[in-house]
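A.B. asks: with the sequence up front, the predicted model follows.
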Amino acid sequence: MATSQNDKVSPTKHVMISYQWDSQKRMIKLRDKLKEAGYNIWMDINHMGHSTPGDIAAGDTLACMADAVENADAILMCVSKRYQDSKSCKKEAEYAFQKDKVIIPLKVEENFQPTGWLGLLMGTALYYQAHSDEMLDKTFSDVLKELGDKGKMAKQEKWLPVQRGGSKALQCPICLLPFKNPKMLPCMHRFCEECLVPLAPTGTKYISCPLCRKESSVPKGDVRQFPTDFHLKELVEEEASKQQLSGGEVEFSCTCCEMGKQSRVVAKCQDCKHYICDSGLSAHKSDEKLCQHKLLLFDVAKGENTETKQKPTAKAEKPEIKLNMETEWWGLFDAMYDDDHSINLLRFWIQCYNGESQWQDMMVNHYLSCLDELKTQGNDQETLAKRQQQIATVFKQAGQYDKAIELIEKALDLEVKELGGRPERLGDLYFLISDVYSERLNSIALARNVDPDMVQQYIKHARNCLNLRRKAKGDDQKFKLASILRSLSHALRNWIDYGGDKTLSAQDAKTESMKHIEEAIKLFTKLKAKGNVAKCIMTKSSLLEAGSEEKEKLLRKALEMCDEVYGEVSRLSGMLLWCMYVLFHTRKDFYEAYKWLEKCSQVRTKVHTFTYCFCNEVYGEVSRLSGMLLWCMYVLFHTRKDFYEAYKWLEKCSQVRTKLYGEHHLHSQMVYTELNRSIYREIARKTKEAEQKS
């Protein structure tokens, strides 16, 4: 039986699906069909987190199960031999029987006959066959009849399968309803704010993403502090408007007058985001400034909507677009900035220049001018230092590494000379600059041109950060300490590959790296951050002798933890499977190496293809993430020696990165270097000839 962390179940009555995880895929299909039919469904994967059982107290799990049973109008009990053998399923079923709940049994295993406790509990109850998708479809109408109104949603709650371009991109993956105030986690997955709150009550320090299971620290212990995806929120509102016009059940109230719900909404202003009634529409048409706004007119009688730009009155002139740097620009920045992924902010600049490569230069020049403006206007040094760090972070996210480093060094200088050199602030700045060097180093390493000076800078800043982080206290600081230990160990690993020098030999670097990674493993283990422990174990294995038994043992342990936390298909599992392939290839055990390479290929294909498609839906075809994913797809097919397929992905990557960064940027040059390989030059020639003939 699936288990999870202590989450409060909504008191709203629901239909509960009780099942054993072997039948999960079919139960998800059943859940979706029931939601479309208007039922409020409780299923563990939607209403419980995804932490591993080892991280959860047994009492917490029982409390979640008890709440789910107690608030159920009916329980669909999906029985099988594995369900009967499961201790968790037994507790759940017996508690439902004790509470005299309506139990509707579904057989998810053909020819299964309940015995023992399950046979006694079921008695002579009528079973509905659901051992295959076909049988589930056949019996679904009978299940609906037996359910009746039990667990039905109220009319305003009815689930509407909001889709965009044939996908469910506008639905929350937890509640499967249109997003409400979508919050974006550092892994870039979005969820309704109200869906995240039960997964991490106030004061929770870490949250595991319900989709990819990546662990992230919760800002200020409150999931409401995660950044809101305003672009996605707007898309949901627009889709809701269309559903209202096409006969949907979504209702709006006027948001710009005192009448509120008593007034009939006739339009939505695309600029001020208000739903407006007749009086509000008149005001928009007569006001000198409001008349410039774009309106979405609701012609309810015809069931149509028209998007129009109002014609200005004779007196009105088109207002000059001029933003005040002190207020409007920083307000816009704060609304879209995020420490990990400022996707909305970068998309804003890309759209300003229609995706042309100069958007980065214009963005850099603009924000540097904004910082100069802060200085000349006499703002306090604290504000300036904060803005320097934020802008440097955005530059890093946009791949402008040199500008980011230059700005962080200014922030460090300001902190030391003017603000007292506070350890926590210095630690954050040193971590940021070491992170920039890490990203830049990874890019160069892919281009096969490692710069030893850059590795030394990376190590220097990481050591500075480590020294400062050791002085800080609290679990949040412990997580940061463990993170910089892992980062420093990785930096020293790069120095080992370089071969070391007189200042730091390869052997000394290896000893220091091993010491740091072992400390990081201990800290992450205490914090119960299993995903990070698995990553650290992988780093530790890279320090051991190639092909050794100890290395194999560590990699297998990391794989086991990775599967437990993230599942069999994840980015980390793909990396670990590759390490296993290299290990057996080094031993010249080619049959075993082939098995691991096959597994790695399957996992990476699923991960990269899914992520690339999801990325295109959310961010569009031209984004920093899509460039990274296209590169990963190229590497995948190049490794398989499927050079024609690899060439296709490399071409796409070239187009995206050139548009993003321009021809002379490091990321673009890296792609051009690969395209210049003889094999790809030959494929390009043949492709061109074929196009000319056709």
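C.D. replies: Cool, got the structure.
A.B. asks: now stretch 224-243: buried residues?
C.D. replies: Within stretch 224-243, the residues scored as buried using 16 or more other Cβ atoms under 10 Å are 226-229, 232-233, 235-241. To be clear about C-beta, it is placed using only N, CA and C from the backbone, and glycine gets the same treatment.
A.B. asks: average pLDDT across that stretch?
C.D. replies: Across stretch 224-243, the average pLDDT comes to 74.
A.B. asks: OK, contacts around residue 388?
C.D. replies: 371, 407, 408, 410, 411, 414 (Cβ atoms under 8 Å, 6 or more residues apart in numbering).
A.B. asks: would you map the strands across the chain?
C.D. replies: Assigned by DSSP state E, the strands in the chain fall at 14-18, 41-42, 72-79, 102-107, 128-129, 182-184, 190-192, 206-208, 215-217, 267-269, 275-276, 294-299, 304-309.
A.B. asks: tell me the helices and strands packed up against the fourth one.
C.D. replies: Helices and strands touching strand 102-107, as assessed by 3 or more Cβ pairs under 8 Å, 6 or more residues apart in numbering; DSSP states H and E, comprise strand 72-79, helix 87-98, strand 128-129, helix 133-147.
A.B. asks: and the ones you listed, which is most packed in?
C.D. replies: strand 72-79 (a mean of 24; mean count of other Cβ atoms under 10 Å).
A.B. asks: that strand pairs with which strands, parallel or anti?
C.D. replies: strand 14-18 (parallel), strand 102-107 (parallel) (DSSP bridges).
A.B. asks: related to what we said a few turns ago, name the nearest of the buried residues of stretch 224-243 relative to residue 438.
C.D. replies: Checking these against residue 438 with Cβ to Cβ, the nearest one is residue 227 at 23.0 Å.
A.B. asks: how about stretch 178-189 as CSV, C-alpha atoms only?
C.D. replies: C-alpha atoms of stretch 178-189 as CSV (Å, rounded to 0.1, in the frame of the first residue of the first chain):
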residue,chain,number,x,y,z
PRO,A,178,-7.3,24.5,-13.3
PHE,A,179,-4.4,26.2,-11.5
LYS,A,180,-5.3,28.5,-8.6
ASN,A,181,-2.5,30.9,-7.7
PRO,A,182,0.2,28.5,-9.2
LYS,A,183,3.4,28.3,-7.2
MET,A,184,6.7,27.3,-8.9
LEU,A,185,9.1,25.1,-7.1
PRO,A,186,12.9,25.3,-7.8
CYS,A,187,12.6,22.2,-10.0
MET,A,188,10.2,24.4,-12.1
HIS,A,189,7.1,22.2,-11.5
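A.B. asks: so how far is residue 152 from residue 32?
C.D. replies: 16 Å (Cβ to Cβ, to the nearest Å).
A.B. asks: any chance of the helices and strands packed on strand 102-107 in a markdown table, with distance to residue 491 and mean pLDDT too?
C.D. replies: Compiled in a markdown table, these are given as follows (distance: least, Cβ to Cβ, whole Å; pLDDT from 0 to 100):
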| stretch | distance to residue 491 | mean pLDDT |
| --- | --- | --- |
| strand 72-79 | 50 | 91 |
| helix 87-98 | 44 | 85 |
| strand 128-129 | 59 | 87 |
| helix 133-147 | 51 | 85 |
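A.B. asks: so which of the ones you listed comes closest to residue 418?
C.D. replies: helix 87-98 (58.7 Å).
A.B. asks: from the chain's centroid, how far away is that closest one?
C.D. replies: 35 Å (Cα atoms, centre = their mean, to the nearest Å).
A.B. asks: equivalent analysis for stretch 555-574, please.
C.D. replies: 18 Å.
A.B. asks: quick one: end-to-end distance for it.
C.D. replies: 12 Å (Cα to Cα, to the nearest Å).
A.B. asks: ok, residue 361 - contacts?
C.D. replies: So residue 361 contacts residue 662 (Cβ under 8 Å, 6+ apart).
A.B. asks: tell me the pLDDT of it.
C.D. replies: We note a pLDDT of 77 for residue 361 in this prediction.
A.B. asks: equivalent analysis for residue 311, please.
C.D. replies: At residue 311, the pLDDT value in this model is 42.
A.B. asks: now residue 392
C.D. replies: Residue 392 is given a pLDDT of 91.
A.B. asks: burial count for it?
C.D. replies: By other Cβ atoms under 10 Å, the residues close to residue 392 number 25.
A.B. asks: can you give me the neighbour number for the nearest residue to it once chain neighbours are set aside?
C.D. replies: Leaving aside its sequence neighbours, residue 392 sits nearest to residue 407 (Cβ to Cβ, 6 or more residues apart in numbering; 4.0 Å). Residues lying near residue 407 (other Cβ under 10 Å) number 28.
A.B. asks: and residue 407, what is it in contact with?
C.D. replies: 388, 391, 392, 395.
A.B. asks: just residue 112 next, same as before
C.D. replies: Neighbouring residues of residue 112 by Cβ under 8 Å, 6+ apart: 79, 80, 81.
A.B. asks: swap the cut-off to 6 Å and go again
C.D. replies: 80, 81 (Cβ atoms under 6 Å, 6 or more residues apart in numbering).
A.B. asks: distance of it from residue 136?
C.D. replies: In terms of Cβ to Cβ, residue 112 sits 15 Å off from residue 136.
A.B. asks: and what of residue 177?
C.D. replies: With Cβ to Cβ as the criterion, residue 177 and residue 136 are 23 Å apart.
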